[in-house]
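Student: Sharing a model that was predicted from the sequence below.
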Amino acid sequence: MTLAGLIKHLALVEDYYFTHQLLGAAMPPPWDVVDFDSDPSWEWRTALQDDPEYLRGLWREAVLRSRAAVDQAIAAGGVEQVAAVEWRDGESPSLRRFLVDLIEECARHTGHAVLLRESVDGQTGEGAPENFPGIN
């Protein structure tokens, strides 16, 4: 697990839930050419080859698409608006379900990022260290 992999994974999750499942749209690049059935951890495996600015931009663009998709769904039916796709059980989840799932996904991976940072700088606990720039 790497920070690069976390960022790329979260960008994928944003697009998968909100662009693909909620709206029913095709996955945008770079996801549109990946066969996740044969390479389910592609984003994790390839992230170290990517420039950090590219990864930040990839995530930012995915978040912007997600926000637009959420706005569209809220306008159409509020948080109970159902997704365009069905899950395996034949049900279409609501926007509310996607929002809760994404909160959980981001929170879990934020915890992973903290563990990675702690292993590098040795600082533990909550909040920034006393000498952190910009913190009084």
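Tutor: Thanks, I have it. Here the structure is a predicted model, which is why all the values come from computation and not from measurement.

Student: where exactly do the strands run in the protein?
Tutor: Assigned by DSSP state E, the chain shows no strands.

Student: where are the low-confidence patches of it?
Tutor: Within the chain, the stretches with pLDDT under 70 are 125, 127-129, 132-136.

Student: run the last query once more with 80
Tutor: 117, 120-136 (pLDDT under 80).

Student: State the distance from residue 65 to residue 85.
Tutor: Separation of residue 65 from residue 85 (CB to CB, to the nearest Å) stands at 16 Å. Every C-beta, even on glycine, is put in place using the N, C-alpha and C of the backbone.

Student: More neighbours: the two, which one.
Tutor: The neighbour count for residue 65 versus residue 85, taken as other CB atoms under 10 Å, is higher for residue 65 (18 against 12).

Student: what sits against that one?
Tutor: Shown in contact with residue 65 (CB atoms under 8 Å, 6 or more residues apart in numbering): 14-15, 18-19, 28.

Student: Nearest residue to residue 32 in space, please, no chain neighbours.
Tutor: Spatially, and ignoring its direct neighbours in sequence, residue 32 is nearest to residue 26 (6.2 Å; CB to CB, 6 or more residues apart in numbering).

Student: and the one you found, how many neighbours?
Tutor: Using other CB under 10 Å, residue 26 has 9 neighbouring residues.

Student: Same question for residue 58.
Tutor: Applying other CB under 10 Å, we find 24 residues neighbouring residue 58.
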